[in-house]
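In: Next input, structure requested:
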Amino acid sequence: MSITFRDILNQKTWNRYEDYIAEGIPQYSKELTNDISEGRKHKKQIRDYLEKHFEIKIISSDLNNEKELLTKGEVVGIDGTIATHKTITGTMAQLGVVAVNYLNEKIQHSYFISEARYKEDIKDVAEYLYAHEPINKVVSNPVLRAALQVRERELGLIDKFKQKYKMYHGPLVPFEMVANPGRAELKILDVTLEILEKIIANKKCFSIVSRSQNDAYIRIGLSLNKGEYVQLKKSVGLEMMEDRTLLKEKDKWREDDYLSVNNFVNLKATKIKIGLIKISQRPYVFQAHEEIFDLAARIIYRDALFQKEKGFPLLIDYADNLCSTFFKASDFNKIIEYQLAKEGEYLSETSEDNLRQK
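Out: The predicted structure is shown next:
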């Protein structure tokens, strides 16, 4: 299919508001109805393809062992959150991470990051201004995400939880942690690859992805029946190798980083397998070490039965709820805004859109 930008621009246009009101809603409804109809047609074809090329597994109705693991606190749910506040001097961020099980054993760790700290010793005016150029930003969004992901994985490997099964929210081996985020001199990969190797070596870690960016995976999952799961033929390592943007431009990498990532992707990340599971109406992607892949699917399924209609593990919802309670972004921003106001800098630091009446 050949699509140009002009094709996208000219899909549908209304030049009069009255025409938009008269035709817009029927147009949207018609498009959605057609999309759903086409999706249902493809669902049968995808199912036939799966049955021919993959092993579709049915989860046993006897999940007493998995229920016991959950209720005895042998499975830990881990999630984290980021709150940021942009000031003229740089980004301020609060990271919050929670690990919890059904015995209500929980750990909440919070971390604070301030970009301004790395600029306060600069004396030369030109250098000080240069440090504020966008290209020289130290604490970027990818850097903050990598920091949160490291802290989440660290928490699962502390002595208290090391021998328990850990269920993370999001990809177990996130692409951002191996994509060399941030400036080269930050040496982020020295930290991220080390913690990811420990996660893989632990062999008791798995994850559930609530919002997969790969719609092809969701399409495959929709063809499953309730209580079924399938292991894709891709491992996380193979998926990363197929993403040609990762190691494509070798000259942009430090040589040691390039070799380290290449080694990790080819030898370590291939042990993490990707699966699709369907508990209720919506399927979910999950990732697990190859040695516990089937057990991870059964634990995810059993935990999701605690909220069957939603079909998503309750332990992750519990951890997410605790994150929202303990580390509210609104609370963090109110603290920063209060101090700005106290210093007489609130109006100079606050952007116009935040002051706009809505």
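In: just how off-centre is the helix of greatest length in the chain within its chain?
Out: Counting residues, the longest helix found in the chain (DSSP state H) is helix 17-53. The chain centre lies 27 Å from the centre of helix 17-53; the measure is Cα atoms, centre = their mean, to the nearest Å.
In: Name the residues that touch the next helix or strand after it?
Out: Next in sequence after helix 17-53, counting helices and strands by DSSP states H and E, comes strand 56-58. With Cβ atoms under 8 Å, 6 or more residues apart in numbering as the test, strand 56-58 has contacts from 50, 224, 227-231, 294, 297. In short, each C-beta sits where N, CA and C put it, glycine included.
In: ok, 10 Å please
Out: 47, 50, 223-231, 275-277, 293-294, 297-298 (Cβ atoms under 10 Å, 6 or more residues apart in numbering).
In: ok, of those residues, which come out buried?
Out: The neighbour-count test (16 or more other Cβ atoms under 10 Å) marks 47, 50, 223-224, 228-231, 275-277, 293, 297-298 as buried among the contacts of strand 56-58.
In: Show me the shaky parts of the protein.
Out: Applying pLDDT under 70 to the chain flags residues 1, 181-184, 241-245, 247-249, 357-358.
In: for it, what spans make up the strands?
Out: 56-58, 75-86, 91-100, 106-114, 165-169, 205-209, 228-235, 272-278, 283-289 (DSSP state E).
In: and the residue nearest the centre of the chain, what is it in contact with?
Out: Taking Cα atoms, centre = their mean as the criterion, Gly170 is the residue nearest the geometric centre of the chain, at 4.0 Å. Going by Cβ under 10 Å, 6+ apart, Gly170 touches 78-80, 145, 148-149, 152, 207-212, 285, 287, 316.
In: returning to what we had before: report the angle between the longest helix of the chain and strand 228-235.
Out: If you take axes from the mean of the first three to the mean of the last three Cα atoms, to 10 degrees, helix 17-53 sits at 80 degrees to strand 228-235.
In: helices and strands around helix 17-53, which ones?
Out: Contacting helix 17-53 under the criterion 3 or more Cβ pairs under 10 Å, 6 or more residues apart in numbering; DSSP states H and E are the following elements: helix 215-222, strand 228-235.
In: which one of the ones you listed lies closest to Glu197?
Out: Among the helices and strands packed on helix 17-53, the nearest to Glu197 by Cβ to Cβ is strand 228-235 (15.2 Å).
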